[in-house]
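In: after the sequence you'll find the predicted model.
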Amino acid sequence: MSLFRLLVVVALVVAGCALPAAAGAGADRGVAVAAPAGAAADDALALSSLPGAERTVFLDVDGHDVRGTAWNTGHGLAAGTYPGLRPAGGWDEATLELVRLVWQRVADDLAPFAVDVTTADPGADALERASTSDRAYGMRVLLTTSTTAASTLCDEPCGGIAFADAFDRVGSADQSPTWVFVDPDDLAAARSEPGRLPALADTLAAAASHELGHTLGLAHDGDEEFEYHPGHGYWAPIMGRSDGRSLVQWSNGDFPGAVRREDDVALIAANGAPLRADDHRDSPSTGTVVAPGTVTHGVISTRTDRDVLLVDTTCSGTVRAQVAPSPGGNLDVGLRLLRADGGVQEVGGTGTHGDGAVLGLDADLVSGLVPAGRWAVEIDGVPVTTGVAADGRPTWSDYGSLGAWSARITTSCAAAAPPAVTDVRMAPPAPGVLQVRWGTASGTPPTAYEVRLWDGEHLVRGPETVPVGATSATSEATARGGRHQLGGLRTAATYRVEVRSVVGGERGPWSGTTGRTPPGAVTRLAATDVRPTSATLTWSLPTTGAADVTGYVVVVNGRSQWVPARQRRLTLDGRRPGSSLAVEVRPTSATGHGASASLTVRLPRASVPSAPTGLSVRPGPVGPPTTAYVRWGAAHANGAPITAYYVVARPVGGRTGKVSRVLAPSARSVDLPLPGGRWVVHVHAVNARGTGPGMRSVSVLAQ
């Protein structure tokens with residue numbers, strides 16, 4: 001097979017074309033293994049993530065002479081020098097900052113691996129693999145503004161292109177560089193408005209890492225609908241489509257709907273970029289001892305990697321650990337404070353949340369009062385939400401929660417712990433909302449409280465601070481207790497809420513309780529058999545929390561009534577013709593009312609009655625006189641009371657004449673005297689709007 005058939009392309013959203021895969025605007029997320037603060041601007045062209053590593057990824061932003069490669073001989077690219085990002089007048093501060101931001105993101109994508117990501121040209125020997133015994137090699141990634149290269153190499157607008165499996169191939173210079181195409185207009189806009197730089201950096205870094213993934217043997221992460229999985233909320237896979245997502249990670253295909261279960265990390269390690277050596281051991285007996293107040297750096301390199309830092313305290317007091325991932329990085333930090341025997345003293349973190357932009361990847365752990373001694377802070381990559389399962393529950397994965405971190409651990413002495421929080425209670429004041437209330441034990445009055453929320457083992461909110469003296473619709477606190485409202489929650493979900501008191505910088509122990517949110521809204525709410533004075537409502541069970549439902553509250557024009565759980569239908573009668581009915585149906589459960597579903601029913605105006613039902617005619621007793629016995633069921637009044645029934649018989653066979661009777665509205669039968677022979681009978685209902693259509697009988701012989 002020709003090498004050119006192994007060509008792999010990743011495209012961006014360009015000129016309105018919805019093509020994969022660009023990362024969206026992201027939040028600044030910590031401190032990378034980067035140039036020191038205050039470094040000269042030119043240091044952006046000399047960044048190095050792992051100096052001395054045998055493998056190298058060179059982010060070439062200064063342009064490159066591309067000749068004698070498969071791009072020229074197989075894809076029609078003219079030999080010559082293609083520009084990088086440097087402006088015609090020389091490097092400017094905004095462009096150098098863009099280089100730094102792109103480097104930070106790509107460096108963190110490759111942080112689990114023994115690869116040096118650099119912006120300084122390492123020379124050909126560091127990139128080209130001369131033989132199978134050559135261990136020093138890598139890949140050049142050219143970030144170029146050349147529209148000629150983009151249009152020549154891409155069949156449609158694209159953001160990058162690379163050869164598959166080229167990273168560790170002997171003679172790989174033939175398949176170099178890997179390309180990332182930079183829209184000149186986007187670059188110009190970011191230079192003039194530096195606030196756009198992080199979003200553009202996300203886009204370029206995602207394209208660079210995606211293309212590098214192809215050179216390292218990775219295929220696309222797709223789902224049942226898209227070749228490039230578009231992600232969910234704040235998350236997307238690197239090998240999918242990441243535009244609009246700010247947390248972009250390696251994946252093993254454990255997201256909902258995945259059509260390929262590909263272990264990205266294992267494949268990368270097997271195709272030229274081995275895992276980096278563990279930098280910190282993972283137990284209280286083998287961890288790294290650090291001095292309080294110092295900053296320590298490390299990398300979580302696999303989903304099973306845990307880094308443990310040890311700190312010694314000389315007094316009874318508190319331990320605080322603050323850990324942040326690299327800016328633009330992939331690590332969602334989880335923290336645990338461990339005793340010397342490995343037992344868990346405290347769990348810390350920050351509830352990760354967001355839609356396109358992600359918040360809370362960092363973590364902050366503040367212990368309660370602990371005795372003097374050695375304490376272990378365990379740093380781990382924790383799961384992030386990657387989608388929604390068929391039952392409506394979020395899916396979680398810690399697979400790609402990898403990357404660089406920086407940590408600071410401090411200690412303080414305290415004579416006594418703040419008072420414990422007591423009587424923690426939780427109730428749902430509204431669908432998707434929980435309100436927690438608490439009191440405090442006697443002791444030093446708190447100055448604030450902290451509230452956090454767990455969804456199973458996942459910290460999803462907090463810690464959120466409620467200062468004493470707060471008075472708002474969602475929070476209120478005094479020295480004797482308080483309340484705090486947590487919204488944006490899933491329906492029919494069980495959560496655990498925990499509260500602790502704060503006095504100055506000291507924290508008391510966590511106290512908590514478990515609560516459940518009410519069911520979701522009913523489905524398929526509809527009105528059937530709609531008439532001028534009545535309608536029948538029907539609905540189906542909620543998609544979430546169906547088993548929790550104990551009944552339904554149906555509100556019609558402000559008036560409510562309860563319907564048993566199994567009924568799921570209600571007939572509304574006695575209504576005014578032509579009126580509108582505002583209907584709202586809410587499921588009820590042991591935890592409260594669920595979300596509501598609503599519709600408006602417009603009743604038709606009054607009209608003539610419907611035809612009577614169930615008409616039957618049979619011969620009466622043998623005469624004389626001859627008769628026919630006629631019976632019928634009630635007609636629908638259609639908004640105006642029935643005032644009479646009109647019964648008329650007409651002869652069959654060309655005879656003339658008719659026999660008729662006008663009867664009371666309560667009548668349902670009549671013995672109709674008829675001359676001998678065959679007759680056809682019609683019955684009509686009459687109201688103030690007129691005479692309705694008749695119900696016709698088959699012919700009958702009067703006798």
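Out: Here it is on my side, so go on.
In: could you chop the protein up by domain?
Out: Using automatic domain parsing, the domain ranges for the chain come out as 3-24+40-218+264-270, 288-413, 421-515, 523-602, 613-702.
In: next secondary structure after the strand or helix carrying M139?
Out: For M139, the host element (DSSP states H and E) is strand 137-144. On the C-terminal side of strand 137-144, the closest following helix or strand by DSSP H and E is helix 147-153.
In: how far away from the center of its chain is that next one?
Out: Mean-position distance between helix 147-153 and its chain equals 36 Å (CA atoms, centre = their mean, to the nearest Å).
In: elements contacting it?
Out: helix 70-75, strand 178-181 (3 or more CB pairs under 8 Å, 6 or more residues apart in numbering; DSSP states H and E). Bear in mind the C-beta positions are built from the backbone N, C-alpha and C, glycine included.
In: from memory P371 sits against S316, does it?
Out: Yes. Using CB atoms under 8 Å, P371 is in contact with S316, at 5.4 Å.
In: neighbour count: these two, which is higher?
Out: Just comparing P371 and S316: by other CB atoms under 10 Å the higher neighbour count belongs to S316, 15 against 10.
In: and the gap between that one and A389?
Out: 46 Å (CB to CB, to the nearest Å).
In: could you do T523 as well?
Out: As for T523, its distance to A389 is 18 Å (criterion: CB to CB).
In: can you give me the helices in the protein?
Out: Assigned by DSSP state H, the chain shows helices spanning 70-75, 93-109, 147-153, 184-192, 197-215, 264-270.
In: for S326, find the nearest of the ones you listed.
Out: helix 93-109 (4.2 Å; CB to CB).
In: show me what the closest one is packed against.
Out: Helix 93-109 packs on strand 55-60, strand 115-118, helix 184-192, helix 197-215, strand 403-413, going by 3+ CB pairs under 8 Å, 6+ apart.
In: could you export the last one as PDB, CA atoms only?
Out: So that's strand 403-413. Once non-C-alpha atoms are left out, strand 403-413 reads as follows in PDB (Å, rounded to 0.1, in the frame of the first residue of the first chain):
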ATOM      1  CA  GLY A 403      -1.200  16.000  33.100                       C
ATOM      2  CA  ALA A 404       1.000  18.400  35.000                       C
ATOM      3  CA  TRP A 405       0.100  19.900  38.400                       C
ATOM      4  CA  SER A 406       1.600  22.400  40.800                       C
ATOM      5  CA  ALA A 407       0.900  22.100  44.600                       C
ATOM      6  CA  ARG A 408       1.400  24.200  47.700                       C
ATOM      7  CA  ILE A 409       0.800  22.700  51.200                       C
ATOM      8  CA  THR A 410       0.600  24.900  54.300                       C
ATOM      9  CA  THR A 411       0.000  24.100  58.000                       C
ATOM     10  CA  SER A 412      -1.200  26.200  60.900                       C
ATOM     11  CA  CYS A 413      -1.600  25.700  64.600                       C
END
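In: that one: partners in the sheet, and parallel or antiparallel?
Out: Sheet pairing for strand 403-413, assigned by DSSP bridges, gives strand 295-300 (antiparallel), strand 317-325 (antiparallel).
In: tell me the mean pLDDT over the last one?
Out: Averaged across strand 317-325, pLDDT comes to 93.
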